[in-house]
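>>> Let me see the structure of the following:
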Amino acid sequence: MTQTCDVAIIGAGPHGLSLAAHLSARGIDHRIFGRPMTTWSEHMPKNMVLKSDGFASNLSAPSRESTLKAWCARNGVAYADQALPVPLETFLAYASWFQKRYVPNVEETNVTGLEGEAGNYTLTLENGERAHARAVVLAVGISWFAHTPEVLSGLPAGLVSHSAEHRNVSQFKGREVAVIGSGASAIDLAQLLHKEGAKVRIVARTPQIEYNKVPDAADETLFGRIQRPASGIGRGWRSLFCAEAPLLFHRLPQALKRRAIDSHMHPAAGWFMREKVEGVIPMSLGRTLAKAEQMDGRVALTLKGEAGEDTLSFDHVIAATGYRADLRRIPFLAGELCDRASLADGTPILSDSFETPVENLYAVGPAAIESFGPLMRFMVGAEFAAPRVAARLARVFAASVEKRAA
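Model prediction:
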């Protein structure tokens, strides 16, 4: 492949597909690489229910017919803007339709190399072919950013894994498994393990599991909306600010940004999971993981709490410990590009148009959290990022668009 396109999108998850839909609507020459929605279809527990409400679970395209609500109405699927959780399988069916309708040009091949500079980027594909682009958008999602605590790093691969590796857990039937973490991934996965016949225990530093607030009709009264307004990332005025004013967030001092991110990214499970795990699955809460050792083919975890230390033994440990955006962990990104596009710790540096310091190299999705806040960790963030980046690229390549239109 020797032709040069204006824009190459790397990644076909919610942010990549949404951006491609907006670029298509603007007539911007682009290509998009990646297998659609693989993080969701291959790396999420099959029993998962989305934490986001229905109104905040859309992929973005400049059409009213592109929403989850419209799709559910056409297909006779139960839907509510709020208080009715969206099953993963429903969301995947909707996303598949969205991709076929708005982004039929997805090239289902992975990128293995990216190098070059503005106006002359070269992408190496997994089949050895090369593609060229004047601008590149990294829409890589969370797959490369899975975080496993250092204390578990010395264990052999057969004894430890990250929650992102497990959609199906039937292989753990009858085995003793520790799930480290207290967020949605940990709780969803622990419940699936229990359902599949594993002997599972949740281990977490938090003294208790937090759950999102159960929907309350009082929240929808005038007083409720004033006191705790709804947003795509949660209720409350702080959440509303982060969801509705990402450009203002971008201009906040770094200390305030970090405080807002931490307050929204703390572990919390969906409200609908409480009855499925409380009193059902054993938990070791308020415990810090002090040591992890291989012992007789199993894992011995030393847990430290207020009452002292104790050691528990498991057949396998799953780290449901989240994700940390770090461009250094993207294997196809040339070192020189990474160094110029990020801070020393790999945190991307982004302009208010999602452009890195490397001209015409952009990053959207979870990689943009430090710049635009917790909105970027949620799917609803695509409704801000996709049209904004598309508008920026339309200005950059206006001459190309006008030439093709003529």
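>>> Contact partners for Gly141?
The contact partners of Gly141, taken as C-beta atoms under 8 Å, 6 or more residues apart in numbering, are Gly11, Gly13, Pro14, His15, Gly16, Thr39, Gly365, Pro366. Every C-beta, even on glycine, is put in place using the N, C-alpha and C of the backbone.
>>> which two in those are spaced the farthest apart?
Gly16 and Pro366 (12.2 Å; C-beta to C-beta).
>>> Looking at those two, which has the bigger crowd around it?
Gly16 (30 against 24; other C-beta atoms under 10 Å).
>>> ok, Ser153 - contacts?
Contacts for Ser153 (C-beta under 8 Å, 6+ apart) come out as none.
>>> again, only this time at 10 Å
Ser153 sits next to Val160, Ala292 when contact means C-beta atoms under 10 Å, 6 or more residues apart in numbering.
>>> gap between it and Thr321?
12 Å (C-beta to C-beta, to the nearest Å).
>>> Which residue ranges of the stretch 1-150 of the chain form strands?
Listed in chain order, the strands of the stretch 1-150 of the chain (DSSP state E, counting those that start in this stretch) span 4-10, 30-33, 111-117, 120-125, 130-138.
>>> In CSV, list the C-alpha atoms belonging to the second one.
Same thing as strand 30-33. Extracted as CSV, the C-alpha positions of strand 30-33 are listed here (Å, rounded to 0.1, in the frame of the first residue of the first chain):
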residue,chain,number,x,y,z
HIS,A,30,-9.0,8.7,6.1
ARG,A,31,-8.2,5.1,6.9
ILE,A,32,-9.0,3.3,10.1
PHE,A,33,-7.1,0.2,11.3
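>>> what's the offset of that strand from the middle of its chain?
Distance of strand 30-33 from its chain centroid, counting by C-alpha atoms, centre = their mean, to the nearest Å, is 20 Å.
>>> Then the first one?
Here strand 4-10 shows a centroid-to-chain-centroid distance of 22 Å under the convention C-alpha atoms, centre = their mean.
>>> tell me the contacts of the nearest residue to Glu370 once chain neighbours are set aside?
Nearest residue to Glu370 in three dimensions, chain neighbours excluded: Thr347, at 5.1 Å (C-beta to C-beta, 6 or more residues apart in numbering). Listed by C-beta under 10 Å, 6+ apart, the contact set of Thr347 reads Arg324, Ala325, Asp326, Leu327, Arg328, Ala341, Ala367, Ile369, Glu370, Ser371.
>>> so the fifth one sits right up against Asp339, yeah?
Yes: at 8.9 Å, Arg328 counts as touching Asp339 under the criterion of C-beta atoms under 10 Å.
>>> can you give me the strands for the stretch 301-406 of the chain?
Using DSSP E, counting those that start in this stretch, strands in the stretch 301-406 of the chain cover 308-314, 316-319, 361-363.
>>> Would you mind putting those strands into a markdown table with mean neighbour count alongside?
Converted to a markdown table, the strands of the stretch 301-406 of the chain look like this (neighbours: other C-beta atoms under 10 Å):
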| stretch | mean neighbour count |
| --- | --- |
| strand 308-314 | 13 |
| strand 316-319 | 24 |
| strand 361-363 | 26 |
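>>> Let me know which of the strands of the stretch 1-150 of the chain is the nearest to Pro62.
Going by C-beta to C-beta, the one of these nearest Pro62 is strand 30-33, 15.0 Å.
>>> Go ahead and name everything in contact with the closest one.
Everything outside strand 30-33 that qualifies as a contact, by C-beta under 10 Å, 6+ apart, is 1, 3, 5-12, 16-17, 19-24, 99, 103, 105-111, 123, 125-126, 131-133, 135, 137, 139, 390, 393, 397.
>>> picking up where we left off before, helices - which of the contacts of Gly141 land there?
Using DSSP state H, the subset of the contacts of Gly141 located in helices is Pro14, His15, Gly16, Thr39.
>>> ok, back up a step: including distance to Ser263, mean pLDDT and mean neighbour count, could the strands of the stretch 1-150 of the chain go into a markdown table?
A markdown table is the format used below for the strands of the stretch 1-150 of the chain (distance: least, C-beta to C-beta, whole Å; pLDDT from 0 to 100; neighbours: other C-beta atoms under 10 Å):
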| stretch | distance to Ser263 | mean pLDDT | mean neighbour count |
| --- | --- | --- | --- |
| strand 4-10 | 31 | 96 | 23 |
| strand 30-33 | 34 | 98 | 23 |
| strand 111-117 | 34 | 95 | 17 |
| strand 120-125 | 37 | 96 | 18 |
| strand 130-138 | 26 | 97 | 22 |
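>>> Any chance of those in a markdown table with distance to Arg167 as columns?
Output for the strands of the stretch 1-150 of the chain, formatted as a markdown table (distance: least, C-beta to C-beta, whole Å):
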| stretch | distance to Arg167 |
| --- | --- |
| strand 4-10 | 23 |
| strand 30-33 | 23 |
| strand 111-117 | 23 |
| strand 120-125 | 26 |
| strand 130-138 | 24 |
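>>> just the helices in the chain please.
Using DSSP H, helices in the chain cover 14-26, 38-42, 68-75, 88-102, 184-195, 222-227, 237-244, 246-250, 254-264, 274-277, 335-341, 369-372, 382-396, 398-405.
>>> Give the buried residues for the third one.
Spelled out, that is helix 68-75. Using 16 or more other C-beta atoms under 10 Å as the test for burial, helix 68-75 gives Leu68, Lys69, Trp71, Cys72.
>>> mind giving me the domain ranges of this structure?
Per automatic domain parsing, the structural domains of the chain span 4-145+323-405, 150-210+268-319.
>>> Which among these is found nearest to Arg228?
domain 4-145+323-405 (12.6 Å).
>>> Now find how far off-centre that closest one is within its chain.
With C-alpha atoms, centre = their mean, you get 11 Å for domain 4-145+323-405.
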